[in-house]
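1. Just to be clear, the model below is a prediction. Sequence and coordinates:
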Amino acid sequence: MPPPPQDEANDRSWWPDWAAPSAGVMGPAQPAPRSTEQLRDDDSRPELDRRPSSSPDAFVHRDKVVHVAPTPDRMVNRKLRGINLSMIAVNATIGSGLYWTGGQVLRVGGPLTAPLSFLLSGLLAWAVMQCLTEMLCIWPIPGALSVYVSEFVDFELGIAVGVAYWFTYSISFVALITTAADEIHYWLNGSKVFDGFVIYLIIPIVLVLINSFEVGIYGWIEVFGSSVKITCLVIVMVLVGVLMNVWEKPMSFDTEVTNNWVTAFAMCLSMASFAYVGVEVVAASVLEARWPKKKKTAKPGEEILISKTVKFSAVYIPILATLAYTLATLLASLSIDIASCQLPGLSWINSTRCPSKEDQPSSKEVQSSIFVDIAQNSGRKVLENVFNIILVFSVLTCANTNLYVASRTLFGLTTRLDGSPTQNILLRFFAWFGKTNHRKVPIRAIIFSAASFMWVPFLQLQDGKPVAAFIEILAKMGTTGVVIVWACECWAFIRFYNCMSKHRDALKRHRVGQVRRWDEENLDDYPYRSHGQPYVAYAALAGCLFIIVVSNGAPLWNGFYLTPFLSFFLLPLVFLALLVILKVRSHASWRLVDLSNADKVVNKMLELHDIRQGAS
């Protein structure tokens, strides 16, 4: 490979090439096939500068180039069908958010607040996915969430987004196992040997083994798990509907948490948003999505048919989740007294009405899922066990999917790093996780993602409030991480949308395919037009910022509590610190990616198309 020009001699020496601001050190991922004349018309394409599409003043001189093209041992199999992608999204979304967090929301906010919080949080998730889906249908590429932010907002911010996303799903993996332990305690309470050996050790190992299956087999395991989970959810909703009572005092709330309904509602919005973590995982699983085979009679543009597979999962899963969560919570709010001490409470509130197990060890009250509590109040013992089995199954299958997402995120960040002996030890360490085994499974990324926080559940073997608070902080940090990623994706889409609008004439003149949103001569060329843009994107960004700043801050309005402060604000502070470190380390500019130059924007779009072609 020839050395880069002197003005590009410096390099951020340990970043993936797909996120690098300079693609000039590499050729296209692979030559474009003949069917891509809709992407680039050779007869009319101008002589464009194939050097970096970002502004030259956005980065500094480079010392060395370490970006490498993927080798066979750094590639995965593309075998996931549309149904696999959809069911992975279902498994990632339906976990403890409804069954466990729903009880917390109902106890804190009351009968009216609970379904309203899930409805508004669902609308936010839908709006975010409208933005993400539009970009994902154009570029279903590895590391998509990081790439979009790197290309349209800021390079280092894209890396920070990737790290935050990996952390979210890695910590959520063990947090869900901890939740499963709490539900298993409904049957076996106080057996530390069982907890430590079976729940905290054997179950994670089993989930790692399941994730180690070849992706074609793993995809159908997800289909089975999601099918059972959806069936169980329908059964739960029907049974709860049969048991429901008349709504009483819809505006009631937990006065031990706050002294007004508005604060309770703001807090519940933050908690309800946790239930929708997972709607965006199609952006991670698309890495292994089956690419349509080209037909001999294929028409120009048929290579984009993968967008139909992506579109269903990305557009409709948030809608279905919103309907299911809102209806289930509404039915539950009609069927239980919010004063029940069996509903999960907030750990940092010293409740006199419902003392915690740490405050009153002799108490026989065991906090459980809202639906288990409903069954218990109905006097149907069998129904209690059925609901608890459903919850444990849902939580563990969600944990399994979270491990999948975390491993693919880590793999996407490291698969194109150069781990040769000539590179520094840190680079070689990260590059080691970008390799796959003989079944094309990123087993190293799987094991690392599982082991990174696998020690956390064992802390529960030591009783006491400090341990419980520490585990809760880590678990809630994951929720905040996803909302931060959502906000960055909305920002990336806004800049992408405005960029397309500003340079629509240049994109049409150079015949750059699938980014001509307003080309009336070829409307079918653009894979997916989301609704109400760009207003939906601005509303989604505002909603994410509201959750991060206002809703997450609501627990502190009536006094400072260390647990919610660390739970909701430690990760944003670490995220900003990581961004600053990345900027300082690479001596990078603090300005956003320059999208003002038409030729460089055209170049950027073509380079993203090259990445997509290489992924196909």
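-> Thanks, I have it.

2. how many neighbours does the closest residue to G143 other than its chain neighbours have?
-> Spatial nearest neighbour of G143, excluding adjacent residues (C-beta to C-beta, 6 or more residues apart in numbering): G412 at 3.6 Å. C-betas here are computed from N, CA, C, even on glycine. G412: 29 surrounding residues under other C-beta atoms under 10 Å.

3. can I assume G412 sits in a helix?
-> Yes: using DSSP: H, G, I helix; E, B strand; the rest coil, the assignment for G412 is a helix.

4. ok, so what distance separates it from I611?
-> Going from G412 to I611 by C-beta to C-beta, to the nearest Å gives 12 Å.

5. show me where pLDDT drops low in this protein?
-> Along the chain, the model assigns pLDDT under 70 to residues 1-70, 190, 243-249, 292-306, 351, 353, 355-367, 418, 463-467, 614-616.

6. By residue count, what's the longest helix in it?
-> helix 465-502 (DSSP state H).

7. Work out the gap between that helix and the centre of the chain.
-> Relative to its chain's centre, helix 465-502 lies at 8 Å (C-alpha atoms, centre = their mean, to the nearest Å).

8. Against which helices or strands is that helix packed?
-> helix 113-138, helix 144-152, helix 155-184, helix 261-273, helix 535-545, helix 562-586 (3 or more C-beta pairs under 8 Å, 6 or more residues apart in numbering; DSSP states H and E).

9. Give the buried residues for that helix.
-> 468-497, 499-500 (16 or more other C-beta atoms under 10 Å).

10. Among the helices and strands packed on helix 465-502, single out whichever gets nearest to V602.
-> helix 144-152 (13.4 Å; C-beta to C-beta).

11. That closest one to helix 113-138, inter-axis angle?
-> Computed with axes from the mean of the first three to the mean of the last three C-alpha atoms, to 10 degrees, the direction of helix 144-152 lies at 70 degrees from that of helix 113-138.

12. helix or strand right after the longest helix of the chain?
-> helix 504-509 (DSSP states H and E).

13. In CSV: the helices and strands packed on helix 465-502, plus distance to G103 and mean neighbour count.
-> Formatted as CSV, those follow (distance: least, C-beta to C-beta, whole Å; neighbours: other C-beta atoms under 10 Å):
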stretch, distance to G103, mean neighbour count
helix 113-138, 9, 25
helix 144-152, 31, 26
helix 155-184, 12, 25
helix 261-273, 10, 24
helix 535-545, 24, 19
helix 562-586, 18, 17
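
14. Nearest to I389, out of these?
-> helix 155-184 (9.2 Å).

15. So which elements touch the closest one?
-> Secondary elements touching helix 155-184 (3+ C-beta pairs under 8 Å, 6+ apart): helix 144-152, helix 203-211, helix 381-414, helix 443-451, helix 465-502, helix 562-586.

16. Name the surrounding residues that touch the first one.
-> Helix 144-152 is contacted from outside by 18-19, 21, 53, 132, 135-136, 139, 141, 157-159, 161-162, 165, 280, 283-284, 286, 409, 412-413, 485, 488-489, 491-493, 495-496, 499, 593, 595, 604, 608, 611, using C-beta atoms under 8 Å, 6 or more residues apart in numbering.

17. if you set the cut-off to 6 Å instead, what comes out?
-> 18-19, 135, 157-158, 161-162, 165, 283, 488, 492, 495-496 (C-beta atoms under 6 Å, 6 or more residues apart in numbering).

18. For the helices and strands packed on helix 155-184, please prepare CSV with the additional fields distance to I319.
-> Output for these, formatted as CSV (distance: least, C-beta to C-beta, whole Å):
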stretch, distance to I319
helix 144-152, 21
helix 203-211, 28
helix 381-414, 19
helix 443-451, 29
helix 465-502, 16
helix 562-586, 27
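
19. Out of these, flag the one nearest R509.
-> helix 465-502 (13.7 Å).

20. Tell me if I'm right that the residue nearest to G143 and P142 touch.
-> Yes: if you go by C-beta atoms under 6 Å, G412 and P142 touch, sitting 4.7 Å apart.

21. ok, how many other residues are close to the nearest residue to F411 once chain neighbours are set aside?
-> Leaving aside its sequence neighbours, F411 sits nearest to P442 (C-beta to C-beta, 6+ apart; 3.9 Å). As a burial measure, P442 scores 29 neighbours (other C-beta under 10 Å).

22. list the contacts for P442?
-> With C-beta under 6 Å, 6+ apart, P442 has these contacts: 407, 411, 436.

23. and if you look at G103?
-> Counted by C-beta under 6 Å, 6+ apart, G103 has contacts 343-344, 370.

24. let's see 8 Å
-> Contacts of G103 (C-beta under 8 Å, 6+ apart): 343-344, 367-370, 373.

25. cool, and P318?
-> 122, 125-126, 129, 276, 279.

26. angle of the host helix or strand of it against helix 261-273?
-> In the assignment (DSSP H and E), P318 maps to helix 306-333. Interaxial angle, helix 306-333 versus helix 261-273 (the same axes, to 10 degrees): 130 degrees.

27. And helix 306-333, what's buried?
-> 306-307, 309-315, 317-318, 320-322, 324-333.

28. between the contacts of P442, which is nearest L571?
-> S407 (20.4 Å).

29. returning to that earlier point: got any residues that touch both of G412 and P142?
-> In contact with both G412 and P142: L287, using C-beta under 8 Å, 6+ apart.

30. sorry, back to before: quick one: the contacts of P318 as a markdown table, columns for distance to I217 too.
-> Formatted as a markdown table, the contacts of P318 follow (distance: C-beta to C-beta, whole Å):
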| residue | distance to I217 |
| --- | --- |
| G122 | 32 |
| A125 | 30 |
| W126 | 32 |
| M129 | 28 |
| Y276 | 28 |
| V279 | 25 |
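
31. Out of those residues, flag the one nearest to R509.
-> Nearest member of the contacts of P318 to R509, counting by C-beta to C-beta, is M129, at 31.9 Å.

32. My read is that the closest one contacts G278, right?
-> No: taking contacts as C-beta atoms under 8 Å, M129 lies outside contact range of G278: 11.1 Å.

33. Who are the contact partners of V279?
-> Counting by C-beta under 8 Å, 6+ apart, V279 has contacts 89, 92-93, 125, 128-129, 317-318, 321.

34. which pair in these spans the largest distance?
-> A92 and V128 (14.6 Å).

35. dump the residue contacts of T93.
-> Taking C-beta under 8 Å, 6+ apart as the test, what T93 contacts is 275-279, 317, 321, 398.

36. Adding distance to F213, write those residues out as CSV.
-> Formatted as CSV, those follow (distance: C-beta to C-beta, whole Å):
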residue, distance to F213
A275, 28
Y276, 28
V277, 24
G278, 21
V279, 24
I317, 23
A321, 26
C398, 18
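
37. State the pair within the residues you listed that is farthest apart.
-> Pairwise across these, and taking C-beta to C-beta, the largest span is found between I317 and C398, at 13.8 Å.

38. Neighbours of L188, how many?
-> L188: 12 neighbours (other C-beta under 10 Å).

39. ok, now R78?
-> With other C-beta under 10 Å as criterion, R78 counts 17.

40. secondary structure class for it?
-> Assignment for R78 (three-state DSSP): coil.

41. Surely it and A289 touch.
-> Yes: at 6.1 Å, R78 counts as touching A289 under the criterion of C-beta under 8 Å.
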